[in-house]
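Asks: Sequence plus the predicted model coming up.
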Amino acid sequence: MQIFRDFLDNYDSNDDLKKVSSSDVAKLESEFNIYLPNDFKIFLVDYGTPWTPDILNIIVDNEIDLNDVQNFWSIENIILDKKSEWTSKILTGIIPFGSDCMGSIYGFLTLDLKEKKESVPVYFFDHDFDTVTKVAESFSEWIDQFIRIKTDDNKS
């Protein structure tokens, strides 16, 4: 998908971008009896797990009311976190996939992952306030908001 390519071209700072195999995606889905949204699976398999620290600079420099994303998690980190770390302890069922610079988490509600779908909403778990907030209607829309801020930044 072009928006994913644009996102990586603009933000990925990972010298060794690791793609995720389809079998690893299936392992995650099987582990929690879920179906990841198709747009997210395409991102993982085709593009991997980027590291995007430059997003924070654009947000801060332009005083944009948006949380950054810095880390996209490996399948192993998602499973570990869901079983025994942050997301295993919060009341809202969430499957994490990434975090911001302060360690708050992006993910999908497990209730939205009970059947196969093209896309589902993205949620943000703010560990400072212990809140879960919907931040986009889909993974693709969520990624696109970061592309738009880069485009807006270039207009300045």
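Replies: Everything's here; your move.
Asks: drop to CA atoms for contacts and neighbour counts, all remaining ones
Replies: OK.
Asks: buried set for stretch 78-89?
Replies: For stretch 78-89, burial by neighbour count (16 or more other Cα atoms under 10 Å) applies to Ile78, Ile79, Asp81, Lys82, Trp86, Thr87, Ser88.
Asks: and the fourth one, how far is that from Ile75?
Replies: Note on Lys82: its distance to Ile75, by Cα to Cα, to the nearest Å, is 11 Å.
Asks: Then the fifth one?
Replies: Shown here: Trp86 relative to Ile75, a distance of 15 Å by Cα to Cα.
Asks: Which of the buried residues of stretch 78-89 scores worst on pLDDT?
Replies: Within these, Trp86 has the lowest pLDDT, namely 74.
Asks: for the lowest-mean-pLDDT helix or strand in the chain, packing partners?
Replies: For the chain, using mean pLDDT, DSSP states H and E, the weakest element among its helices and strands is helix 86-89, scoring a mean of 77. Applying 3 or more Cα pairs under 8 Å, 6 or more residues apart in numbering; DSSP states H and E, one finds that helix 86-89 contacts helix 75-84, strand 94-99.
Asks: And it, how far out from the chain middle?
Replies: Centroid separation for helix 86-89 versus its chain: 16 Å, with Cα atoms, centre = their mean, to the nearest Å.
Asks: which residues of the chain score low on pLDDT?
Replies: 91, 151-156 (pLDDT under 70).
Asks: what's next to the lengthiest helix in it, contact-wise?
Replies: Counting residues, the longest helix found in the chain (DSSP state H) is helix 139-155. With Cα atoms under 8 Å, 6 or more residues apart in numbering as the test, helix 139-155 has contacts from 3-4, 6-7, 10, 39-40, 55, 58-59, 62, 119-122, 135-136.
Asks: all strands of this protein, in order?
Replies: Using DSSP state E, the strands of the chain run over residues 71-72, 94-99, 105-109, 122-126, 131-136.
Asks: Brilliant, that's me finished.
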